[in-house]
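structure for this input, please:
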Amino acid sequence: MSKQQPGKGKPGQSEPSLKKEASGREQSEPKLKRSRNLEKQNSDEPGLMAEASRRVVSADHIQTGALLHVLALENFEGFQKLEGNSPLVLGQHDLQEELVLSWASACSGSEGIYYAMEAINTTFTHLGVKVQLQHTFSCESNVDKQQWIKALLAVGPLRESSSFTWPPRVDALGAGGDLDEVVGGKCIFQDIAELECDEAKCCRHGGGCIVPSVDLLVVGTSCKDLSKLNHTAPGAGHDTTKPVLEQSSSRGASAQTFQGLVGYIRSHRPLFVVYENVDAISDQLSSTDDSNLKVCLNEFATLGYQSQPMMTDASEFGLPCHRRRVYILFIDSRSPRLDLRSRPLQVVMSKFRHLLSSCVRTSPCASEVLLPAEDGAVKYFFDERQARTKKKSTQNNWVNQHMKYADGLGIRWGMPARKELSQNPWYLTLTEREADCLKLSEIESPAAGFRNLSQSIGRANSSTLQADGRHLAPTMLPGQLLWTHLASGGARLMSGYEALLMQGYPIAPCLNRLLEEGYLASADEATSKKKKKTDSEAKLSTDLFLQDLAGNGMALPVVMAVVQSCLAAAHWRPVGLKTSASSVATAMAAMTMLTQGLRPGDESADKDEAC
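Sure, this is the predicted structure:
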């Protein structure tokens with residue numbers, strides 16, 4: 001959504017911004033790094049974005065988990081006003097039978113996209129649109145997150161699918177997962193690198209399962225070798241002469257996971273791909289190098305996908321924190337299901353940008369979203385911190401750095417904490433290094449709203465106060481330890497539960513449902529070093545784990561708006577409504593084999609051997 005200069009790229013690529021590229025004009029990559037701020041004046045829809053941003057998101061909707069349903073309905077109603085009551089999905093009018101679109105996720109972090117899709121489905125029902133988005137599979141390599149996804153799929157949607165009230169009521173009885181969730185369940189594949197094959201290892205079923213094609217894939221490959229917070233990012237691959245995504249492997253698996261994604265796209269060809277990664281993907285190591293963003297766009301263009309990148313910030317979509325991320329919409333330009341005669345892809349991308357611009361909002365102040373001290377989630381986090389305090393140990397390799405920092409501030413290192421701080425029970429749960437980091441950071445910047453005590457001393461403070469008086473929290477990171485004075489009831493650490501709230505995650509009804517089903521652990525169980533032997537005995541969730549989910553997850557209002565805008569912008573051939581993604585892929589593969597003079601067994605034999 002912010003302005004970026006287009007690269008030379010390959011045919012079929014749209015400009016990575018909401019700005020329209022001059023027809024037939026080719027521009028070179030800039031020598032300087034591009035701005036990553038989402039600014040209304042940088043959009044080709046400044047008036048629309050300014051009008052849309054006058055809407056202020058309710059902190060109560062964030063806390064209660066109703067946010068996604070509220071925004072989903074507002075977004076679609078806004079689309080109808082902009083487009084003159086045109087169809088909300090793929091240009092389809094008056095569907096006689098329900099249209100089912102398959103979707104899957106890979107490396108999405110918290111799997112919050114499941115709840116974004118639930119909100120879209122419930123909104124379709126509310127508006128009388130005969131379309132449903134059906135989850136097909138997930139892919140996650142982290143064992144703990146695999147357990148989390150299993151639990152989410154098992155308990156199913158959180159809110160009533162049809163309700164006279166809006167947002168819909170939380171289903172007190174529990175809707176439960178779909179029938180196939182109970183009998184075996186949807187696949188949770190373990191390695192994105194295996195998805196290009198016919199079968200891949202599935203942790204849900206304990207063996208190899210068929211990898212299906214889908215209509216929509218939502219994916220975020222590893223950012224470890226791209227992120228500026230990772231000190232290994234520059235040249236993190238084995239070959240420092242070319243971008244990470246151009247390599248076969250890298251230390252943080254950014255190259256491997258991206259190549260795995262490309263393999264799945266090549267072999268299964270989803271119609272739509274929503275791809276997310278850190279904003280540093282657009283950085284260039286030098287003026288002569290391609291950025292990883294350009295590598296990504298070129299790779300997909302080679303496969304026949306039209307692309308539209310957007311630079312976004314979660315704070316511009318109603319969340320009270322920053323999270324600058326690149327989202328790229330890829331559309332298969334070779335798909336026979338697209339009605340390119342009535343709506344060419346250039347028009348689709350223009351409509352997509354226009355609709356997405358209407359989804360921006362102003363966020364509430366972060367202090368309004370933070371929970372009161374007596375809230376159960378805050379108490380759980382405090383109990384967990386106390387339990388960890390009994391086991392904590394600290395190393396002294398930070399002392400010299402802190403002494404030098406204190407000297408730079410003109411104070412004597414080792415001074416005791418002020419009385420109010422020393423008597424704060426949350427302060428007593430900190431390690432020696434964390435406590436010293438807090439003391440020094442308060443002296444350096446007394447007014448800072450948040451201090452990340454997990455960072456080195458020079459990077460702890462965050463400037464959060466906006467010109468209008470609101471505070472915006474910093475980007476949620478895995479493993480972060482945020483101290484804030486903005487919470488009611490006094491200064492304290494921000495919990496992982498609250499970090500998920502900052503991402504728009506419906507964590508309140510989610511944890512209530514998981515608690516009812518016996519998936520959650522107590523604070524003592526959560527911090528125990530004793531490992532459970534079986535999946536059935538394992539209990540989810542420490543607050544530290546919730547923090548990790550928030551740090552690696554997608555900002556849900558952003559990705560939901562991208563999906564909604566995509567579905568409303570594209571047009572599908574009416575004659576192909578009942579054709580599934582897998583059947584189309586099979587037909588296309590058969591046509592390819594015939595043109596190459598292959599028998600049915602030839603190609604599959606080579607593929608099995610390769611996989």
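
and after the host helix or strand of residue 104, which helix or strand comes next?
Per DSSP states H and E: residue 104 is located in strand 99-106. Next in sequence after strand 99-106, counting helices and strands by DSSP H and E, comes helix 113-127.

what's the domain layout of this structure?
Here the domain assignment for the chain is 48-188+214-285+296-366+557-572, 370-552, 580-611, based on automatic domain parsing.

tell me which of those domains sits nearest to residue 196.
Across the domains of the chain, residue 196 has its closest neighbour in domain 48-188+214-285+296-366+557-572 (3.0 Å, C-beta to C-beta). Yep, even glycine has a C-beta here, placed from its N, CA and C like the rest.

now the closest one: mean pLDDT?
The average pLDDT within domain 48-188+214-285+296-366+557-572 is 89.

over to stretch 442-457?
95.

same check, this time on stretch 370-390
Stretch 370-390 comes out at a mean pLDDT of 91.

pretty sure residue 93 contacts residue 87?
Yes - between residue 93 and residue 87 a contact is recorded at 5.6 Å, counting by C-beta atoms under 8 Å.

which of these two has more residues huddled nearby?
Shown here are residue 93 and residue 87; by other C-beta atoms under 10 Å, residue 87 has more neighbours (19 against 7).

part of a helix, is that one?
No - counting by DSSP: H, G, I helix; E, B strand; the rest coil, residue 87 is not part of a helix but coil.

please, which helix or strand holds residue 69?
Using DSSP H and E, residue 69 falls in helix 67-82.

could you do residue 136 as well?
Counting by DSSP H and E, residue 136 is found in strand 131-139.

now that strand against helix 113-127, angle please.
For strand 131-139 against helix 113-127, the angle by axes from the mean of the first three to the mean of the last three C-alpha atoms, to 10 degrees is 170 degrees.

check which residues of strand 131-139 are buried.
131, 133, 135, 136, 137, 138, 139 (16 or more other C-beta atoms under 10 Å).

beta partners for the first one?
Beta-bridge partners recorded for residue 131 (DSSP bridges): residue 99.

which strands and helices lie in contact with the strand holding residue 104?
helix 113-127, strand 131-139, strand 216-219 (3 or more C-beta pairs under 8 Å, 6 or more residues apart in numbering; DSSP states H and E).

could you rerun that using 10 Å?
If contacts are counted by 3 or more C-beta pairs under 10 Å, 6 or more residues apart in numbering; DSSP states H and E, strand 99-106 sits against helix 113-127, strand 131-139, strand 187-189, strand 216-219, helix 254-268, strand 272-278, helix 556-569, helix 581-596.

redo these as JSON lines? Include distance to residue 199.
Putting the helices and strands packed on strand 99-106 into JSON lines (distance: least, C-beta to C-beta, whole Å) gives the following:
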{"stretch": "helix 113-127", "distance to residue 199": "24"}
{"stretch": "strand 131-139", "distance to residue 199": "12"}
{"stretch": "strand 187-189", "distance to residue 199": "10"}
{"stretch": "strand 216-219", "distance to residue 199": "18"}
{"stretch": "helix 254-268", "distance to residue 199": "12"}
{"stretch": "strand 272-278", "distance to residue 199": "21"}
{"stretch": "helix 556-569", "distance to residue 199": "28"}
{"stretch": "helix 581-596", "distance to residue 199": "14"}
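
relative to residue 72, which of these is closest?
Smallest distance to residue 72 across those (C-beta to C-beta): 4.2 Å, for helix 113-127.

C-alpha coordinates for the closest one, CSV please?
Provided in CSV are the C-alpha atoms of helix 113-127 (Å, rounded to 0.1, in the frame of the first residue of the first chain):
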residue,chain,number,x,y,z
ILE,A,113,-5.9,-17.2,9.4
TYR,A,114,-8.3,-20.0,10.5
TYR,A,115,-10.3,-17.4,12.5
ALA,A,116,-10.1,-14.8,9.7
MET,A,117,-11.7,-17.3,7.3
GLU,A,118,-14.3,-18.1,9.9
ALA,A,119,-15.2,-14.4,10.1
ILE,A,120,-15.5,-14.2,6.3
ASN,A,121,-17.7,-17.4,6.1
THR,A,122,-20.0,-16.1,8.9
THR,A,123,-20.3,-12.8,7.1
PHE,A,124,-21.2,-14.5,3.8
THR,A,125,-24.0,-16.3,5.7
HIS,A,126,-25.1,-13.1,7.3
LEU,A,127,-25.3,-11.4,3.8
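
in it, which residues are buried?
Going by 16+ other C-beta under 10 Å, helix 113-127 has these buried residues: 113-126.

which one among the residues you listed gets closest to residue 216?
residue 117 (9.1 Å).

appreciated, that's everything.
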